[in-house]
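Visitor: here is a sequence together with a model predicted from it:
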Amino acid sequence: SKMTPTQINDALNSDIYEDAYEYNESRKIAYKSKKAAEGIEYELVVCPKCRKFATIHSRKSEFFCECGLKGKYDEYGLLSGEGFDFTRLNEWDSWQKEYISNLPDIDGEQVLVSHSDQILKQIVKGHDDVIADIGKIVLTNKSISVGNTTIPFENIRGSDIFFHGNILLYTKDKKYYEIRNDKSKIPGYLYVLLM
């Protein structure tokens, strides 16, 4: 009863945290799948070989980049291949987060990443959604836009991802947006990291 909400949260997170790699290192439990790597491009959003964004693709248990990077995601959740030294997803993720956080400042406005065919929905009262715009998603160093609707970073209070790449945005004027298209998925994690 004397703990602050932050202390309670920290205690819960500490108690439930488990390193899946460490757990499986001694147990060697295989998670067999013919499509183990499919969808890995929603997590591995920067290629360590060519340093490009959103160029990794997957097929069955393998993933690759146009630059020649090739890898395999095995039944124990481990990575192996050519063009990188990581053996675990969390190692790659730590590297890409650091890489993005150390990108140089850009003068003027420059497109960082874009994808076609996205839907911007505004979440309104009762958790209903209304289509606000449809079109290409474009992330610059100053804003994110879908179609003709642009949201400057200075107006974004927070962002998150859900379901393999769908983006949630919360603005300072208390508007909530969702960016997604289930038929044309994007690496939303990359957009959130870059924002």
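Guide: Great, that's in hand.
Visitor: and the closest residue to residue 171 other than its chain neighbours, what is it in contact with?
Guide: Ranked by CB to CB, 6 or more residues apart in numbering and with sequence neighbours excluded, the top spatial neighbour of residue 171 is residue 155, at 5.1 Å. Glycine gets a C-beta too; all of them are placed from N, C-alpha and C. Counting by CB atoms under 8 Å, 6 or more residues apart in numbering, residue 155 makes contact with 171-173.
Visitor: phi first, then psi, for residue 72.
Guide: Main-chain dihedrals, residue 72, degrees, to the nearest 10: phi -130, psi 140.
Visitor: that one pairs with what?
Guide: residue 62, residue 80 (DSSP bridges).
Visitor: look at it and say how many residues are nearby.
Guide: 15 (other CB atoms under 10 Å).
Visitor: verify the stated contact: it with residue 62.
Guide: Yes. Residue 72 lies in contact with residue 62 (CB atoms under 8 Å); the separation is 5.4 Å.
Visitor: all strands of this protein, in order?
Guide: Listed in chain order, the strands of the chain (DSSP state E) span 56-59, 62-65, 70-73, 79-82, 111-124, 128-140, 143-146, 149-152, 156-162, 166-171, 176-180.
Visitor: among the ones you listed, which comes closest to residue 88?
Guide: Nearest to residue 88, of all the strands of the chain, is strand 79-82, at 6.7 Å by CB to CB.
Visitor: buried ones in that closest one, by neighbour count?
Guide: Of the residues in strand 79-82, 79, 81 count as buried by neighbour count, 16 or more other CB atoms under 10 Å.
Visitor: name the residues that touch that strand?
Guide: Taking CB under 8 Å, 6+ apart as the rule, strand 79-82 contacts 63, 68-74, 86-89, 92.
Visitor: now do stretch 54-68
Guide: In contact with stretch 54-68 (CB under 8 Å, 6+ apart) are residues 33-41, 44-45, 47, 49-50, 52, 69-74, 81-83, 113, 115, 186-187, 190.
Visitor: quick one: end-to-end length of that stretch, please.
Guide: Terminal residues of stretch 54-68 are spaced 14 Å apart (CA to CA, to the nearest Å).
Visitor: repeat that for stretch 142-157.
Guide: 14 Å.
Visitor: buried ones in it?
Guide: Neighbour-count burial for stretch 142-157 [16+ other CB under 10 Å]: 143-147, 151, 156.
Visitor: out of the contacts of residue 155, who's the most crowded?
Guide: residue 171 leads these on contacts (other CB under 10 Å) with 16 neighbours.
Visitor: can I assume it is in contact with residue 154?
Guide: No. When contacts are counted by CB under 8 Å, residue 171 is not listed as touching residue 154 (10.0 Å).
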